[in-house]
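A.B. asks: Predicted structure and sequence below. I'll ask about it afterward.
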Amino acid sequence: KAGVTQTPRYLIKTRGQQVTLSCSPISGHRSVSWYQQTPGQGLQFLFEYFSETQRNKGNFPGRFSGRQFSNSRSEMNVSTLELGDSALYLCASSLGPRADGANVLTFGAGSRLTVL
Amino acid sequence: GQQVMQIPQYQHVQEGEDFTTYCNSSTTLSNIQWYKQRPGGHPVFLIQLVKSGEVKKQKRLTFQFGEAKKNSSLHITATQTTDVGTYFCAVRGGSNYKLTFGKGTLLTVNP
């Protein structure tokens, strides 16, 4: 079956602009998580969605937002871009929350954002 | 949220040498997951440990979960150049079981 698809794969923006990234999860997966990866900070959790509801949110400013659609596809948006937002943005899908927290993530290839 | 310390940050070995990375938590974990990210790639799930003292093997990789469920290790026997990459542990915590990743250990292998 198809994996997690992220678009676009690469993009260049300038400071002050906004960007929208898209993620299509594995068919049947209803949970989508977003992570920001930078060389200095590693994998930083942004948010997690399940059934169109945000279940978890990381410690990022309000410029970072996301949503999930009824078909489980998700988008994240970053407004008023700053140089420090340059990073690889990874989306991961899973079947959904489990009481034992044991659900496994399948990552997409990521969207590499460069802010000039 | 849940915090986990991963060491070392970097490890360079000669091909054929062994490698170990460790994850430590100050609190008891319900489970721990390990992921590998190849250079230029994305994290890929390797394994999940759930039980106290659990040991799992995948070919040359051995994963252990501590008896107190506060630490875990990944050991690679006789490294190969294909083992190059960053190895992450990940743990869940908080009211909604957010998955938090360790900083990762970057393994490089000299052929």
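C.D. replies: Received, thanks. Numbering: from 1, shown residues only, chains lettered A, B, ... in the order given.
A.B. asks: Now do the worst-scoring helix or strand of chain B on mean pLDDT: which elements does it pack against?
C.D. replies: Least confident helix or strand of chain B, by mean pLDDT, DSSP states H and E, is strand B:98-101 with a mean of 87. Counting contacts by 3 or more Cβ pairs under 8 Å, 6 or more residues apart in numbering or on different chains; DSSP states H and E, strand B:98-101 is packed against strand A:42-50, strand B:85-93. Backbone N, C-alpha and C define where each C-beta goes, glycine included.
A.B. asks: at 10 Å what do you get?
C.D. replies: Helices and strands touching strand B:98-101, as assessed by 3 or more Cβ pairs under 10 Å, 6 or more residues apart in numbering or on different chains; DSSP states H and E, comprise strand A:31-38, strand A:42-50, strand A:53-57, strand B:32-37, strand B:85-93.
A.B. asks: now the residue nearest the centre of chain A: how far from chain B?
C.D. replies: Geometric centre of chain A, nearest residue: A:W34, 2.8 Å, by Cα atoms, centre = their mean. Using Cβ to the nearest Cβ, to the nearest Å, we find A:W34 at a distance of 11 Å from chain B.
A.B. asks: For the nearest residue to that residue once chain neighbours are set aside, the count of nearby residues, please.
C.D. replies: Once flanking residues are discounted, A:W34 sits nearest to A:L46: 4.0 Å by Cβ to Cβ, 6 or more residues apart in numbering or on different chains. The local packing of A:L46 (other Cβ atoms under 10 Å in any protein chain shown) involves 22 other residues.
A.B. asks: A:L46 touches A:G66, doesn't it?
C.D. replies: Yes: using Cβ atoms under 10 Å, A:L46 is in contact with A:G66, at 7.1 Å.
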